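Engineer: output the structure for:
(one chain, ligands or ions: 1)
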Amino acid sequence: MEGPERIFVFGDGQLLVRAGGLEPAGAEALAALQKTRATLDDFAVRPQGVRAVGVAGAADDPPAGCEWVRLRTLLGADAPHAAAACRALGLLNWRAAHRFCGACGGALADHAVETARTCGACGCTEYPSLAPAVIVRVEKEGKILLARHVQRIPDLWTCLAGYVELGESLEDCVRREVKEETGIEVGDVRYVASQHWPYPNQMMVGFAAQWQAGELTLQPEELSEARWFDPAALPKIPPRGSMAWRLICGG
Ligand SMILES: [Zn+2]
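Structural biologist: Predicted coordinates:
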């Protein structure tokens, strides 16, 4: 017999855990939350055998003995349930955005067996989808290219990144994004690692690439600043648990 059911409770993209640890909060904490908040969704995550619940409202005012944490915290701590939590939140996001059929507008209902939803009107089945994005560590003579982005946290320096377009390979995407955003050309594009990032459904694919030609000429809509940094003297970068941290610090 298995232990008590594991429940992942999400509020505004954050997970409810027992205070002082990263263990998901249990049924009692969920019941306490549901006294004051609406339940947005409640479903079984297969094949992990956990239950995911989305509640309305901001990630604040947690039940006694609990706190909300970002999934980056779980990933950064290598928590054993980090991947299951990412899957649960990814599915929660997907289900919220796929309540109606994209072909005919009919209502979608959970598939009996698969992780999918089927239209009651036309029979079309929709599966969860991922949006692949590349993120790249560009190197030149031992230095790393980092940039500040216009639309993200402005004092944070991070790697260049962008969504993969239809018709291009991941490597093509790396070369295009770097060229568009900074004007430089890169070669020796090499895969490093990947990470699911359920905000809302990204698959971050990390690469390293070498500077090949060109001077930094920034795309002003995207970047406010870009510079080459010595790995021993880095500016403020994204925290552990992010794909950027892994690429920059080699963790
Ligand atoms: Zn339909």
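
Engineer: any idea how far the helix or strand containing L91 is from the middle of the chain?
Structural biologist: Element membership for L91, per DSSP states H and E: helix 82-97. On the basis of Cα atoms, centre = their mean, to the nearest Å, helix 82-97 sits 10 Å off its chain's mean C-alpha point.

Engineer: by contact count, what packs against the worst-scoring helix or strand of the chain on mean pLDDT?
Structural biologist: Every helix and strand of the chain was ranked by mean pLDDT, DSSP states H and E. The lowest is helix 71-76, at a mean of 92. With contacts taken as 3 or more Cβ pairs under 8 Å, 6 or more residues apart in numbering; DSSP states H and E, helix 71-76 sits against strand 14-18, helix 82-97. Backbone N, C-alpha and C define where each C-beta goes, glycine included.

Engineer: which one of the ones you listed lies closest to G57?
Structural biologist: Within the helices and strands packed on helix 71-76, the stretch nearest G57 is strand 14-18; the backing value is 11.0 Å (Cβ to Cβ).

Engineer: in the helix or strand just after that closest one, which residues are buried?
Structural biologist: Using DSSP H and E, the helix or strand that follows strand 14-18 in sequence is helix 27-34. Across helix 27-34, burial judged by 16 or more other Cβ atoms under 10 Å covers 29-30, 32-33.

Engineer: can you check stretch 92-100 too?
Structural biologist: Under the neighbour-count criterion of 16+ other Cβ under 10 Å, stretch 92-100 has 92-95, 98 buried.

Engineer: over to stretch 177-195?
Structural biologist: Buried residues in stretch 177-195, counting neighbours by 16+ other Cβ under 10 Å, are found at 177-178, 181-182, 184, 186, 189, 194-195.

Engineer: alongside the ion, which residues does the chain contribute?
Structural biologist: Within the chain, the positions lying close to the ion (Cβ under 5 Å from the ion) are 101, 103-104, 106, 119, 121-122, 124.

Engineer: so which of those residues are in strands?
Structural biologist: Among those, DSSP state E puts C119 in strands.

Engineer: and for D42, the neighbour number?
Structural biologist: 15 (other Cβ atoms under 10 Å).

Engineer: circling back: and the residues of the chain next to the ion, which of them are buried?
Structural biologist: Of the members of the residues of the chain next to the ion, the ones counted as buried by neighbours, 16+ other Cβ under 10 Å, are 101, 119.

Engineer: sweet, I'm off.
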